[in-house]
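Trainee: whatever this is, show me its structure:
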Amino acid sequence: MSVPIFSACAASTAVKALIGAPPNMRLSEFGLAPQTAALPYVVWQVVTGIPENYINQVPDIDSYTIQVDVYAAAATSSRAVANAIRDAIETKAHIVAWRGESKDPDTLHYRSSFDVTWLVAR
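Mentor: Next up, the predicted model:
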């Protein structure tokens, strides 16, 4: 029951150039990143999960909406990473909302946020 965002990003040359390649890719789940994460970095978390329901069989797919947040030292970097991730996953999932941009008052990191709906085979 996990969205394959990591494998989609790991397959993208553009994403790897911006946030590193596995096993050191700066892409963390549960909306949490290590305190010492280098910039830019990305966190994601499941916002909603909806299992399919079939009358005559066990469902074979689940729908997830995830929130992706990009943090960077500059607005241009935050946008570049968000765009690279968008391009890496749009053939596998749907961007359903641009959540906006902000600057964290404590860390002064720039943040770009968006939501993705992903159908995941069981």
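Trainee: which residues are contacting the host helix or strand of G100?
Mentor: Per DSSP states H and E, G100 falls inside strand 94-103. With C-beta atoms under 8 Å, 6 or more residues apart in numbering as the test, strand 94-103 has contacts from 65, 67, 75, 78-79, 86, 89, 109-118. Backbone N, C-alpha and C define where each C-beta goes, glycine included.
Trainee: also stretch 79-88?
Mentor: 8-9, 11-12, 14-15, 17-19, 40, 42, 68, 70, 72, 95, 101, 112, 114.
Trainee: then stretch 18-38?
Mentor: With C-beta under 8 Å, 6+ apart, stretch 18-38 has contacts from 2, 5-6, 9-10, 15-16, 40-45, 67, 69, 71, 77, 80-81, 84.
Trainee: so of the residues you listed, which ones are in strands?
Mentor: Those of the contacts of stretch 18-38 mapping onto strands are Y41, V42, V43, W44, Q45, Q67, D69, Y71, per DSSP state E.
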